[in-house]
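Asker: With the sequence up front, the predicted model follows.
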Amino acid sequence: MDGRIAAVKRPAGIKLKAFKAAFPNTIPIMAGFLFLGITYGIYMNVSGFSFLYPMFMSMTIFAGSVEFVTVNMLMGSFNPLQAFLLALMINARHLFYGISMLDRYKGTGIKKIYLIYGMCDESFSVNYTANIPDDVDKGWFMFFVNLLNQIYWVTGATLGGIFGSFIKFNTKGLEFVMTAMFVVIFMEQWLKEKNHTSSLLGLGISLVCLILFGADNFIIPSMAIILAVLTLLRRVLEKDGEKT
């Protein structure tokens, strides 16, 4: 009888230990996601959408930059191919994240499905670099990192969508938060990098495409070229990173 009780309690104990280990790693992300999520919810609200839109979009898309872009897509003409390509290009970096996490995700079982779906920049950073204690289940640790981060984002987006209608200040220019977000992400990555080759390549290729294709059409070709160049130079860049 005692053995049966222990067998029932053991999985719960494993999950609780993993949750306790994962939560402290997500606290800084919580602060950023709640604020940015609320901003996104307010942006959706002032653009004429019910709070249900940011709530369900944050649950199903869970890609902050794409969600901001989606606002303009919903307000524009129906073009699913453009939406697909734009989302693919914006999140093309996840291809490299996925390759980096192949070994980490081994042995995680069915949890791997959610680990793949819920991997954002911040979750990748934590799960890739965290020193998970030996007595903590690796799969559940990474699962809770992903889950907590998504909860923070969904909560912020929903609150912003609900309370956005009560905000009376002038919200003109709020959409600039998307541009600001990209700038902050770039600056953060720049400060973390020891070798800035990939960042400089991205800036250079984007500038050339801007000149060639114009401000309205440069994003997709620049992202495609950046992806191709970084794929070709991946081994060289990795070696340079190890040297520095």
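Answerer: Received, thanks. Bear in mind the structure is a predicted one, so any value in this text is a computation, not a measurement.
Asker: show me where pLDDT drops low in the chain?
Answerer: With pLDDT under 70 as the threshold, the chain has low-confidence stretches at 1-11, 167-182, 184-185, 188-189, 237-244.
Asker: Residue for residue, what is the longest helix it has?
Answerer: Using DSSP state H, we find that the single longest helix of the chain is helix 2-46.
Asker: residue contacts, residue 48?
Answerer: The contact partners of residue 48, taken as CB atoms under 8 Å, 6 or more residues apart in numbering, are residue 75. In short, each C-beta sits where N, CA and C put it, glycine included.
Asker: Look up phi and psi at it.
Answerer: Residue 48 adopts backbone torsions of phi 100, psi 10, taken as degrees, to the nearest 10.
Asker: Next SSE downstream of the longest helix of the chain?
Answerer: Toward the C-terminal end, the helix or strand that comes next after helix 2-46 (DSSP states H and E) is helix 52-60.
Asker: Alpha carbons of that following helix, as PDB, please.
Answerer: What follows is helix 52-60 as a C-alpha-only set of coordinates in PDB (Å, rounded to 0.1, in the frame of the first residue of the first chain):
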ATOM      1  CA  LEU A  52     -10.500  38.200 -27.100                       C
ATOM      2  CA  TYR A  53      -8.200  38.800 -30.000                       C
ATOM      3  CA  PRO A  54      -5.000  39.500 -28.000                       C
ATOM      4  CA  MET A  55      -6.000  36.800 -25.600                       C
ATOM      5  CA  PHE A  56      -6.400  34.000 -28.100                       C
ATOM      6  CA  MET A  57      -3.600  35.300 -30.400                       C
ATOM      7  CA  SER A  58      -1.100  35.200 -27.500                       C
ATOM      8  CA  MET A  59      -2.200  31.700 -26.700                       C
ATOM      9  CA  THR A  60      -1.900  30.300 -30.300                       C
END
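Asker: quick check: angle from it to helix 2-46?
Answerer: Interaxial angle, helix 52-60 versus helix 2-46 (axes from the mean of the first three to the mean of the last three CA atoms, to 10 degrees): 140 degrees.
Asker: Check which helices and strands the longest helix of the chain is in contact with.
Answerer: Under the contact criterion of 3 or more CB pairs under 8 Å, 6 or more residues apart in numbering; DSSP states H and E, helix 2-46 touches helix 52-60, helix 64-75, helix 121-129, helix 138-163, helix 176-192.
Asker: Most tightly packed of those helices?
Answerer: The highest mean neighbour count among those belongs to helix 138-163 (a mean of 22), with neighbours defined as mean count of other CB atoms under 10 Å.
Asker: what's the angle between that helix and helix 64-75?
Answerer: Comparing the axes of helix 138-163 and helix 64-75 via the same axes, to 10 degrees yields an angle of 40 degrees.
Asker: Export the helices and strands packed on helix 2-46 to TSV and append columns for distance to residue 226.
Answerer: Conversion of the helices and strands packed on helix 2-46 to TSV gives the following (distance: least, CB to CB, whole Å):
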stretch	distance to residue 226
helix 52-60	26
helix 64-75	15
helix 121-129	16
helix 138-163	26
helix 176-192	13
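Asker: nearest to residue 93, of those helices?
Answerer: Relative to residue 93, the nearest member of the helices and strands packed on helix 2-46 by CB to CB is helix 121-129, separated by 7.9 Å.
Asker: on that earlier part again, out of the helices and strands packed on helix 2-46, the one nearest residue 27 is which?
Answerer: The closest approach between residue 27 and any of these, judged by CB to CB, belongs to helix 138-163 at 9.3 Å.
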